[in-house]
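> sharing a model prediction with you, sequence too.
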Amino acid sequence: MIGRKYERQKLDNLSFSNKAELLAIIGRRRVGKTYLIREHYKNQIVFEFTGTQYANKDNQLKKFTQKLSEYSNNPLGIATPKDWATAFIQLKTYLKNLRKSKQKSVVFFDEVPWIASKRSGFLAEFGYWWNDWASRQNIIVVICGSAASWMIDKIVNNKGGLHNRITEYIHLQPFTLAEVKKYLYASNLMLDDYQILQLYMSIGGVPHYLQHIRKGESATQIINRLCFHKDGILRNEFNNLYAALYEGPEKHISVVKALATKWKGLTRQEIIKLTKLSNGGGLTKILSELESASFIAEIIPFGKKKKDTLYRLIDEYSLFYLNFIDGKRAGNKDIWLQSSQENNYKVWRGYAFENICIKHVEAIKRALGIAGVQTEISGFRSSSDTQGAGIQIDMLIDRTDRSINLCEMKFYNDEITLSKEDADKLRKRRSRFQQISKSKKTIFNTMITTYGINPNQYSYAQVDSIVTMDALFLLESFE
């Protein structure tokens with residue numbers, strides 16, 4: 001298994017604990033939740049049941065007992081119960097009759113939000129089964145779902161029978177750049193860092209997407225085939241992705257589309273203006289659900305308060321889809337081979353690189369030698385006034401060692417050579433930031449680039465530290 005070291009350690013800890021364990025695992029569609037559990041616990045799973053999207057209670061119960069018949073090797077089958085109370089009695093009977101083992105048995109419920117539909121009674125009976133019997137057994141019960149917000153509201157923060165019953169929690173994220181590289185190399189797909197970075201900016205680190213990469217193709221060819229061919233798996237993935245996560249996803253999509261129009265992020269009021277959504281609990285819930293699924297991130301600007309939060313779209317595939325695929329008909333099968341050379345894409349990938357740097361900030365901290373320093377990550381922007389021009393800083397690392405890194409992120413296909421004009425901009429930005437923020441900390445100008453900087457008098461004068469893209473590939477997990 002590639003990566004997932006932090007999560008696998010958690011799973012091992014559950015196996016060797018001296019009590020029953022109830023694990024909730026969430027993560028977006030296609031991120032590898034089911035694979036992780038099946039692969040890690042492949043010798044311990046004694047029962048697994050996966051919910052069916054849009055199926056009613058009777059259909060779910062029928063499939064549940066079919067699975068129970070398979071696991072119990074019952075040639076005559078097990079009668080389909082009328083309710084979940086009876087179904088859990090059947091499950092308890094089957095588990096009690098299993099041969100005793102020193103290893104913990106694993107019971108795996110996958111896509112629980114689809115099983116626990118309204119008025120199904122599943123959650124109440126599951127809670128009773130856990131509290132009455134399972135919590136006293138040598139067992140690990142895993143409940144999994146792609147609808148992250150539902151899992152958090154109904155399982156992790158349950159106010160009923162499952163209140164405070166979750167013993168472990170995993171929020172499975174897409175692969176980091178390091179994990180993507182490791183995955184590709186294990187599959188004998190030898191792309192260099194620059195190619196992997198371009199690929200990541202377009203489709204992210206979702207394992208299911210990576211499975212469709214073919215040997216001998218460049219990043220441009222891969223993107224062209226997956227996203228622009230008529231039968232490309234990512235051509236229509238956008239709507240399927242949000243429909244699988246949210247019931248009635250139209251409002252969520254409207255927020256995502258609004259955020260895609262402004263890379264620097266939008267305030268709540270700006271989102272309301274663009275989407276025409278009302279300012280209330282409904283919008284709060286939508287933003288929370290999008291953040292829970294790692295589609296968006298909250299960024300509080302330096303020196304500001306919670307009310308000044310900027311919301312930024314950070315999902316690579318959504319950003320790429322809305323900028324280059326949405327609304328375009330499948331036509332010339334080589335369209336991306338041509339479009340990727342156009343200037344608007346070259347500008348876009350500069351912004352996409354900024355997003356990746358923000359998400360891989362722990363790797364950047366390690367490259368700067370400050371991995372152990374407590375930090376806060378934010379942005380900074382100000383308008384021009386009588387004292388000076390406006391400035392925009394997309395990533396600022398505020399450190400407890402009385403230092404601040406002002407990060408300038410540049411995606412380029414070679415080393416960058418700073419001009420006198422570039423150096424003046426860096427100098428003025430540092431000075432203007434100190435003037436406006438009134439910070440007494442030491443301010444470092446930090447350049448994060450693909451291949452680094454050609455040293456000259458201008459870089460020597462204004463650049464304090466340089467991080468190149470290879471540093472982004474050195475950390476597998478940021479937990």
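It's in. Residues are numbered from 1 along each chain as shown.

> show me the contacts for residue 288.
Counting by Cβ atoms under 8 Å, 6 or more residues apart in numbering, residue 288 makes contact with residue 149. Every C-beta, even on glycine, is put in place using the N, C-alpha and C of the backbone.

> could you list the residues in contact with stretch 127-143?
By Cβ under 8 Å, 6+ apart, stretch 127-143 touches 14-15, 20-25, 37, 41, 44, 85, 88, 91-92, 95, 104-109, 112, 126, 151, 155, 158, 160-162, 165.

> recalculate using a threshold of 7 Å.
Under the contact criterion Cβ atoms under 7 Å, 6 or more residues apart in numbering, stretch 127-143 has outside partners 14, 20-25, 37, 88, 92, 104-109, 112, 155, 160-162, 165.

> please state the offset of the helix or strand bottoming out on mean pLDDT in the chain from the chain centre?
Least confident helix or strand of the chain, by mean pLDDT, DSSP states H and E, is helix 148-151 with a mean of 82. Centroid displacement of helix 148-151 relative to its chain, using Cα atoms, centre = their mean, to the nearest Å, is 14 Å.

> can you list contacts of it?
Identification of contacts with helix 148-151 by Cβ under 7 Å, 6+ apart yields 24, 26, 113, 145, 288-289, 292-293.

> turn the residues you listed into CSV, including pLDDT and secondary structure.
Shown next, in CSV, are these (pLDDT from 0 to 100; DSSP: H, G, I helix; E, B strand; the rest coil):
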residue, pLDDT, secondary structure
24, 95, strand
26, 91, strand
113, 92, helix
145, 91, strand
288, 90, helix
289, 89, helix
292, 83, helix
293, 85, coil
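
> ok, so of those, who is nearest residue 275?
Nearest to residue 275 among the contacts of helix 148-151 is residue 289, at 14.6 Å by Cβ to Cβ.

> okay, buried residues for stretch 319-338 please.
For stretch 319-338, burial by neighbour count (16 or more other Cβ atoms under 10 Å) applies to 319-325, 335-336.

> endpoints of it, how far apart?
20 Å (Cα to Cα, to the nearest Å).

> same thing with stretch 408-420?
16 Å.

> mean confidence for that stretch?
The average pLDDT for stretch 408-420 rounds to 95.

> quick one: contacts of it?
So stretch 408-420 is in contact with 349-350, 353-354, 357, 394-395, 426, 445-454, 456, 458-459, going by Cβ under 7 Å, 6+ apart.

> residues contacting stretch 469-479, please?
Counting by Cβ under 7 Å, 6+ apart, 3, 5-6, 176-179, 181, 193, 197, 360, 362-364, 366-367, 450 sit against stretch 469-479.

> ok, now with 8 Å
With contact meaning Cβ under 8 Å, 6+ apart, stretch 469-479 is reached by 3-6, 176-179, 181-182, 193-194, 196-197, 356-357, 360, 362-364, 366-367, 449-451.

> which of those fall within strands?
Within the contacts of stretch 469-479, residues falling in strands by DSSP state E are residue 449.

> give me the ChimeraX select line for the contacts of stretch 469-479, limited to the buried ones.
To isolate the buried members of the contacts of stretch 469-479 in ChimeraX, using 16+ other Cβ under 10 Å:
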select :3,4,176,177,178,179,181,182,193,196,197,356,357,360,362,363,364,367,449,450,451
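
> can you tell me which of the contacts of stretch 469-479 are in helices?
Counting by DSSP state H, these place 5-6, 177-179, 181-182, 193-194, 196-197, 356-357, 362-364, 366-367 in helices.

> now the strands for the stretch 51-200 of the chain?
Secondary structure of the stretch 51-200 of the chain by DSSP state E, counting those that start in this stretch: the strands cover 105-110, 139-145, 168-171.

> would you mind pulling up the elements that the shortest one packs against?
Packing contacts for strand 168-171, counted by 3 or more Cβ pairs under 8 Å, 6 or more residues apart in numbering; DSSP states H and E, involve helix 5-16, strand 21-26.

> any idea which of these gets closest to residue 435?
Nearest of the helices and strands packed on strand 168-171 (Cβ to Cβ): helix 5-16, 41.7 Å.

> tell me the angle the closest one makes with strand 105-110.
Going by axes from the mean of the first three to the mean of the last three Cα atoms, to 10 degrees, helix 5-16 is angled at 130 degrees with respect to strand 105-110.

> elements contacting helix 5-16?
Here helix 5-16 touches strand 21-26, helix 33-40, strand 168-171, going by 3+ Cβ pairs under 8 Å, 6+ apart.

> pull the residues that contact that helix.
For helix 5-16, using Cβ under 8 Å, 6+ apart, the contacting residues are 1, 21, 23, 36-37, 40-41, 44, 103-104, 140, 167-168, 170, 172, 476-477, 479.

> what do you get for stretch 267-274?
With contact meaning Cβ under 8 Å, 6+ apart, stretch 267-274 is reached by 255, 258-259, 261-262, 266, 277-279, 283, 287, 308-311.

> from those residues, which one has the minimum pLDDT?
Minimum pLDDT for those is recorded at residue 308 (86).

> any idea of the pLDDT on the closest residue to that one other than its chain neighbours?
Nearest residue to residue 308, sequence neighbours excluded (Cβ to Cβ, 6 or more residues apart in numbering): residue 301, at 5.7 Å. If you check residue 301, the pLDDT there is 88.

> can you count the residues close to residue 301?
Residues contacting residue 301 under the criterion other Cβ atoms under 10 Å number 18.

> please tell me how far it sits from residue 259.
The gap separating residue 301 from residue 259 is 16 Å, by Cβ to Cβ, to the nearest Å.
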